[in-house]
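Sequence and computational prediction follow.
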Amino acid sequence: MPSSPLTPSRQGVTVGSCCSGWCLELFAAREITRDFGVAFIPVFGCDIDRSAAEVCRVAHTHTYWHEDCTQDSFLRMPQVDFFACGFPCPSYSVQGVRLGLEDLRGQLIFYIIRFIAIRRPHTFVLENVSNLYHEFPEVLSCSWKCFRQYPGSTVDHIHYEVAMRSIDEFVMKAQEDTGLGQVLPGRLPASERHRHLLLDVIERLAAAGLDPLTARAVINLGGTKAHFNIGYIGYCPCLRSARAGDKQFWAAWLQRPLTDKEICSLMGTDGCKHRKCGRSGQCATTETTSWECDSGATHEGCHALCVPSLGPFVSNMT
């Protein structure tokens, strides 16, 4: 099994499945292959039901099969372009007991959501369950919070009653760009603009042979084009003022924005020594003014403030 979640494929559209019946999406994929010539690769599958698992093993050729999506090892499944999943039928379907979360099998949906939130497949489809919006609102609400943060998702609960990407959109993308690759399998900023800028940096890091999850990159998301510096270079990108409250500076390896205190540390100060307001610690103003570093150097609205401790700083961040 690959040790890294970044496992791109350029031979076709890679597919992962979890609790999707008999992996019926793979039968649909065969139809697409026949009609459009798009290749699909069944990379992994998972189903806790033994009978369904046996049918999938016979009908499909998954490279990996996982028995239990509740285990952390499931999160180490290879990255895929298309992830098909569903609300477990015995708990939510009209053909099942329809007990929702009161049935232990119904709680599997949270582990499916966890996989999507952490691994972020390029495209996913969550199987619709009839009348889910009215009968299981608490489950849908939890799903909604996750998928509203998912970049590019098509949310149409009026027609589908669940947040999902359109299957038509997936087919269109597969025809235009076979082998879609992957995006960062981790946390992204809440702002759509910041997500777009961060993903651009991620592609540049990957092109340079760096793992976006471990590269010590401090990224400035405050402009129209993102730019960054790797730790140990000795300066931070575009520090004009401590604007961590705007979440404009992102630590790639921590998958979160920098705090005010961390911004000040990057500038070589113990606290924000803002000459205009004279405050220490956090500074609310966003005006371009002067800052004084511990080294004694003063920078007037610099685009890159030199700091002697960037390397040790990023090493000590947790």
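Happy to help now that I have it.

quick one: the residue nearest to residue 66 when sequence neighbours are not counted and residue 223, what's the gap?
Nearest non-adjacent residue to residue 66, counting by CB to CB, 6 or more residues apart in numbering: residue 46, 4.1 Å away. For every residue, glycine as well, the C-beta is placed using N, CA and C. Separation of residue 46 from residue 223 (CB to CB, to the nearest Å): 42 Å.

The two: who's more crowded?
Neighbour comparison, residue 46 and residue 223: the larger count goes to residue 46, with 28 against 11 (by other CB atoms under 10 Å).

Contacts only, for the more buried one.
Remark: with contacts taken as CB atoms under 8 Å, 6 or more residues apart in numbering, residue 46 is in contact with 17-19, 65-69, 74, 77.

Which one of those sits in the busiest neighbourhood?
In terms of neighbours by other CB under 10 Å, the contacts of residue 46 top out with residue 17 at 27 neighbours.

Could you give the bridge partners of that residue?
residue 84 (DSSP bridges).

Verify the contact between it and residue 27 for me.
No: the criterion here is CB atoms under 8 Å, and residue 17 misses it with residue 27 at 11.4 Å.

Can you give me the neighbour number for residue 71?
If you count neighbours by other CB under 10 Å, residue 71 ends up with 12.

now swap in residue 113 and tell me
The tally of other residues near residue 113 (other CB under 10 Å) stands at 18.

Backbone dihedrals for it, please?
Torsion angles at residue 113 (phi, psi; degrees, to the nearest 10) stand at phi -60, psi -40.

One more: residue 126?
Per-residue torsions, residue 126: phi -100, psi 120 (degrees, to the nearest 10).

how much space is there between it and residue 19?
With CB to CB as the criterion, residue 126 and residue 19 are 10 Å apart.

Identify the contacts common to these two.
The contact sets of residue 126 and residue 19 overlap at 85-87, 112 (CB under 8 Å, 6+ apart).

Buried ones only from those residues, please, as a ChimeraX command.
Only the buried members of the shared contacts of residue 126 and residue 19 enter the following ChimeraX selection, criterion being 16 or more other CB atoms under 10 Å:
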select :85,86,87,112
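
quick one: the residue nearest to residue 66 from residue 86, how far?
Using CB to CB, one gets 11 Å for the distance from residue 46 to residue 86.

again with residue 137
Distance, residue 137 to residue 86, using CB to CB: 18 Å.

would you turn the shared contacts of residue 126 and residue 19 into JSON lines with pLDDT and secondary structure?
Formatted as JSON lines, the shared contacts of residue 126 and residue 19 follow (pLDDT from 0 to 100; DSSP: H, G, I helix; E, B strand; the rest coil):
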{"residue": "85", "pLDDT": "87", "secondary structure": "strand"}
{"residue": "86", "pLDDT": "78", "secondary structure": "strand"}
{"residue": "87", "pLDDT": "80", "secondary structure": "coil"}
{"residue": "112", "pLDDT": "88", "secondary structure": "helix"}
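
out of the shared contacts of residue 126 and residue 19, which one sits closest to residue 42?
residue 85 (14.2 Å; CB to CB).

wait, the closest one sits on residue 19?
Yes: using CB under 8 Å, residue 85 is in contact with residue 19, at 5.9 Å.

overlap in contacts of the two?
residue 112.

can you pull the buried residues of the helix or strand where residue 34 lies?
Per DSSP states H and E, residue 34 falls inside helix 24-36. By neighbour count with 16+ other CB under 10 Å, helix 24-36 contains the buried residues 25-26, 29, 32.

Could you list every helix and strand that it packs against?
The helices and strands touching helix 24-36, judged by 3 or more CB pairs under 8 Å, 6 or more residues apart in numbering; DSSP states H and E, are strand 13-18, strand 40-46, helix 167-176.

Low-confidence regions, the stretch 51-200 of the chain specifically.
Along the stretch 51-200 of the chain, the model assigns pLDDT under 70 to residues 128-133, 144-187.

and if we set it to 50?
The model of the stretch 51-200 of the chain has pLDDT under 50 over residues 153-183.

Just read off the phi/psi values of residue 261.
According to degrees, to the nearest 10, residue 261 has phi -60, psi -40.

For it, give its distance to residue 33.
To residue 33, residue 261 is 54 Å away according to CB to CB.

cool, and residue 64?
Using CB to CB, one gets 21 Å for the distance from residue 64 to residue 33.

got the residue ranges for the strands in this structure?
Using DSSP state E, the strands found in the chain span residues 13-18, 40-46, 64-66, 82-86, 123-127, 217-220, 227-230, 235-237, 249-251, 256-257, 290-292, 298-300, 304-306.
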